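[1] Turn this into a model:
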Amino acid sequence: MKTDKFKKLIPLISATTLILTFSACTKSDKEITDKPKPNVVIFYVDDLGYGDIGVNGATGVNTPNIDALAQGGINFTDAHSSSATCTPSRYSLLTGEHAFRKKIKVLKGDAALLVAPEQPTLPKLFKKSGYETAVIGKWHLGLGDGKQPLDWNKAIKPGPLEIGFDYSYLLPATGDRVPAVYLENHHVVNLDSQDPLSVSYQEKIGQRPTGYANPSLRRQPADKQHNDTIINGISRIGHMAGGKSAEWRDEDFYKVFTNKANNFIATNKDKPFFLFFSFHDIHVPRLPNKMFKGKSTMGVRGDAIVQMDWITGQVVAQLEKSGVINDTIIIFTSDNGPVLTDGYDDFAIEKLGNHLPAGQYRGGKYSAFEGGTRVPTILHYPNKVSTGRSDSLMSQIDIYASLAALLNTPLADNEAIDSENHLDAWFNANEQGRTALIEESYSLSLRDKQWKYIKPSKNVHSWIKENKNIEGGFTSEPQLYFLKDDPQEKNNLADTYPDLVKKYQQQIDRAVSKTARD
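    Next comes the predicted model:
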C-alpha cells in the first residue's frame, strides 16, 4: 500500500485491534534477514473478540483504522492467543513459553514479577540486535521480587526495565485493580511524598469510600470482587490509601498512552525500535472519553472499540509522519476472546444488538471453546507483505521465534521453548503455519487444521457461565469437534473417534513434559 493512500484511510475517529504485520514471503528467510532491520510495533488489545472488528463482520461499530491495516496487510482468520485469559497470554507472547509451565493465572495488583530478570524475553531479543524497546499501557505481569511487600513510594523493581525494555509507561496491573496510578519506569507518576501510597488486597486501608459500603457513589454497579476502593466513581479490586495526586482518570487513557507511544516513535525514528503497545481498552471498567460517546450503537463497550481504533490510527499516523511506516512491521491482535459482563454492569449485553463479539465461534474470555483464543490478528508491512486473507493456523507464541529468524538470531535451548518459526506464513497468506497448537484456559485444548480436542476437566468452572454469561466448555468427559463442519463446537465426536482422542491427549502430554527447544 502506498503511504498517501494509507493516510486517507485513517479517519479522525475509529476502532482498534492488535495488528500483526510482516513481509511478503515470495523470498526466502535468508533474503529477508539480509535487509535493513524493520521496526516492530505490536498492538495488543485487551478482550477484543474475533468479530469485534469490521473486516471480521462487526455490526454496530466501525473500525476503519484497523480495517485499513487488514486491507494493506494480511488478515488471519485462524490465529490464536496462547490463553483465554490475559496474564498467561501476555507472558507467553513475551517469553515464547506456555504459561501453564509456571502455573500462571490472572494476577493480583500487587503480585511479584512473573518473568525472571535472567529469563530470555522478546525485548531482550531486540536489544541484542540494537533496537530501542518500550512497553506502554497495561502491564499485569507483576512487579518486584516478591520477597517483601511492594513499597509504591520508592523505586519499584524488578519490572519491565529488568526484562529488556528501555522505557515503560504503565498501568501497573489493570484498570479494575488498585493501585489506580501510572508507573513510569521505576516510579509512580506525580506521587506526593507527603501523601504516601499504600495498597492492600487483604483488608480495608485509608479513608476512601468503598463500593460495598457506599454503593450510591458508584458510576457503574459492580460485583462483589470489584467492589472495594472507589476511584473516579468506579469501585475497584483491592484497597488503596494515599497517593491522591497520582490517581489516574480513566477517560484520559486514550490521550496519555497515545502521546507516550508517539513520543517514543518520534524520538527513535532514526534507529530500529520495538514498541509493545498494550491497550487497556476494551477491558472493564469501560470509560471511553466523551469524544467517543455514541460513536457506536452498543453503548460504552462499542464506544471503547471506537476509542481503541482511534488510538491505533493515531499511532499509525505517527509512523507515517516519522517516515517509517513502510519499514515497520505492525502486529495487531488481542490477548484473549471477548467478554460482555466482567465485573461491572455497563449494559454491554442489553445494547449488543445483532453484533457477534466472537463471530460465529462459541465461548469467549475464560472459555475452552474457540471464542476463548481465536482473536483478531493482522500483519501489516508495506515494504514486503502482499495483501491477503489467510486461514493458516497461527499462534501468538510463535511471534518470538519468527522475529528471531527475521533478525537472524539463534535461540538457546532453554529460550522460547514453545515458539516456532513461521515467518513464511506471517509474511505470505498462501503459506501454511502450524500443524497443531495448544489453547490454554482452565483446561488444555489441542487444535490441528480440522479438529479440536478439549481435555477433560476435574472442575467444570460453572462460575464462568453464572458470573460472566460465557460457556466455559469444561466437562469431566473428553470433547472432540470437527471444526470444518462444526465451527460452533456443538457435536461432540469423542465417543465416535476414540483413537483421535488418545492421539491428541498424547500430544498434549508431550507438550506439557517438554523442557527445551526441539
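
[2] For the host helix or strand of Phe332, output the C-alpha coordinates as CSV.
    Secondary structure assigned from DSSP states H and E places Phe332 in strand 328-334. The C-alpha coordinates for strand 328-334 follow below in CSV (Å, rounded to 0.1, in the frame of the first residue of the first chain):
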residue,chain,number,x,y,z
THR,A,328,7.6,-1.1,10.2
ILE,A,329,6.1,-4.4,11.0
ILE,A,330,2.7,-3.9,12.7
ILE,A,331,1.2,-6.8,14.7
PHE,A,332,-2.4,-6.2,15.7
THR,A,333,-4.0,-8.8,17.9
SER,A,334,-5.9,-9.4,21.2
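
[3] In stretch 60-80, which residues are buried?
    Within stretch 60-80, the residues that count as buried by 16 or more other Cβ atoms under 10 Å are 60-80. To be clear about C-beta, it is placed using only N, CA and C from the backbone, and glycine gets the same treatment.

[4] just so I have it, where are all the helices in the stretch 1-150 of the chain?
    Remark: helices assigned in the stretch 1-150 of the chain by DSSP state H, counting those that start in this stretch are 3-8, 29-33, 64-71, 86-95, 122-128.

[5] quick check: angle from the longest one to strand 328-334?
    To tie it back to what came earlier, the one meant is helix 86-95. Inter-element angle recorded for helix 86-95 and strand 328-334: 160 degrees (by axes from the mean of the first three to the mean of the last three Cα atoms, to 10 degrees).

[6] Would you confirm that Tyr497 contacts Leu480?
    Yes: with contact defined as Cβ atoms under 8 Å, Tyr497 counts as touching Leu480 (6.0 Å).

[7] could you check the distance from the nearest residue to Val106 once chain neighbours are set aside over to Asn326?
    Excluding its sequence neighbours, the residue lying closest to Val106 (Cβ to Cβ, 6 or more residues apart in numbering) is Thr87, at 4.9 Å. Counting by Cβ to Cβ, to the nearest Å, the gap between Thr87 and Asn326 amounts to 35 Å.

[8] So which of these two has more stuff around it?
    Thr87 (23 against 16; other Cβ atoms under 10 Å).

[9] who touches that one in this structure?
    With contact taken as Cβ atoms under 8 Å, 6 or more residues apart in numbering, Thr87 is in contact with 99, 104-107, 114, 140-141.

[10] same question, Gln396
    Taking Cβ under 8 Å, 6+ apart, we find Gln396 in contact with 79-82, 89, 92-93, 333, 377.

[11] A helix includes Leu170, no?
    No: checked against DSSP: H, G, I helix; E, B strand; the rest coil, Leu170 lies outside a helix; its state is strand.

[12] pLDDT at it, what is it?
    Turning to Leu170, the model gives it a pLDDT of 98.

[13] which residues does it form a beta bridge with?
    On the basis of DSSP bridges, Leu170 is bridged to Gly137, Leu183.

[14] Gly142 is in contact with that one, correct?
    No: in this structure Leu170 lies outside contact range of Gly142 using Cβ under 8 Å: 11.6 Å.

[15] Would you state the strands of the stretch 101-250 of the chain in chain order?
    132-138, 167-171, 183-184, 187-188, 198-200, 230-231, 234-235, 239-241 (DSSP state E, counting those that start in this stretch).

[16] The ones you listed into TSV, with extra columns for distance to Lys269 and mean neighbour count?
    Below are these laid out as TSV (distance: least, Cβ to Cβ, whole Å; neighbours: other Cβ atoms under 10 Å):
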stretch	distance to Lys269	mean neighbour count
strand 132-138	10	25
strand 167-171	15	23
strand 183-184	21	18
strand 187-188	27	18
strand 198-200	38	21
strand 230-231	36	22
strand 234-235	37	26
strand 239-241	38	22
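
[17] So for Tyr497 and Leu480, which sits in the more crowded spot?
    Leu480 (21 against 15).

[18] Now for that one: which residues touch it?
    Leu480 is in contact with 451-454, 492-494, 496-497, 500-501, 504, counting by Cβ under 8 Å, 6+ apart.

[19] From these, pick the one nearest His239.
    Taking Cβ to Cβ as the measure, His239 sits nearest to Ile454 out of the contacts of Leu480, at 37.9 Å.

[20] Would you enumerate the residues in contact with the nearest residue to that closest one once chain neighbours are set aside?
    The spatial neighbour of Ile454 that comes closest, neighbours along the chain excluded (Cβ to Cβ, 6+ apart), is Gln479 at 4.0 Å. Gln479 makes contacts with 452-454, 473, 489, 492, 494, as judged by Cβ under 8 Å, 6+ apart.

[21] Quick one: which of those residues is the most crowded by neighbours?
    Neighbour counts for those (other Cβ under 10 Å) peak at Gly473, which has 28 neighbours.

[22] Nearest spatial neighbour of it, chain-adjacent residues omitted?
    In space, and not counting its chain neighbours, Gly473 is closest to Ala368: 3.6 Å by Cβ to Cβ, 6+ apart.
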